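Sharing a sequence plus its predicted fold:
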Amino acid sequence: MLKTKSVYDQPDDSDGVRVLVTRYWPRGVKKEKAAYWLKDLGPTPALIKDWKAGKISWGDFKERYEAEWREGDKDRLLEELEGIVKKAGKNNVTLLCTCREEAECHRGILREKLTGC
């Protein structure tokens with residue numbers, strides 16, 4: 001099963017394989033908190049800046065993030081993530097980001113891409 005959570009939330013056994021999907025490693029987070037770091041699955045710095053500054057809506061963020069997929073090499077990275085999920089077998093895979101809530105976080109978009117819903 002594919003899960004998401006904040007990297008700042010306490011890890012637990014149900015997380016399974018933990019995959020950080022942020023552009024930058026979060027301050028104060030030890031490397032052991034994630035088995036993998038796929039930093040290029042994170043939004044670009046410009047997109048993060050516009051979102052945090054309140055210059056764009058969540059809908060605009062989602063559109064721009066998805067446009068980054070078309071312009072970049074994110075399909076290859078998504079294949080790498082799919083490989084991690086397959087390798088995990090029946091174990092969970094948890095996508096991690098610094099956002100507290102998935103509702104307005106790119107990790108939710110990634111989960112949709114992987115699960116198709």
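Now that the structure is in, tell me what you want to look at.

Could I get the average pLDDT for stretch 49-58?
Stretch 49-58 shows a mean pLDDT of 96.

Check which residues of that stretch are buried.
Neighbour counts over stretch 49-58 (16 or more other CB atoms under 10 Å) mark 50-51, 56 as buried. Bear in mind the C-beta positions are built from the backbone N, C-alpha and C, glycine included.

same check, this time on stretch 96-116
Going by neighbour count (16+ other CB under 10 Å), the buried part of stretch 96-116 is 96-99, 102, 105-111, 113.

now the buried residues of stretch 49-58 as JSON lines including distance to Arg23 and secondary structure?
Output for these, formatted as JSON lines (distance: CB to CB, whole Å; DSSP: H, G, I helix; E, B strand; the rest coil):
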{"residue": "Asp50", "distance to Arg23": "14", "secondary structure": "helix"}
{"residue": "Trp51", "distance to Arg23": "12", "secondary structure": "helix"}
{"residue": "Ile56", "distance to Arg23": "17", "secondary structure": "coil"}
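
Please report how far the residue of the chain positioned farthest from its centre lies from Ile84.
Here the chain reaches farthest from its C-alpha mean at Lys55, the gap being 21.6 Å by CA atoms, centre = their mean. Between Lys55 and Ile84 the distance, using CB to CB, to the nearest Å, works out to 33 Å.

Contact partners for Glu80?
Leu38 (CB atoms under 8 Å, 6 or more residues apart in numbering).

Now the buried residues of stretch 49-58 in a markdown table, please, with extra columns for distance to Leu41.
Putting the buried residues of stretch 49-58 into a markdown table (distance: CB to CB, whole Å) gives the following:
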| residue | distance to Leu41 |
| --- | --- |
| Asp50 | 18 |
| Trp51 | 16 |
| Ile56 | 19 |
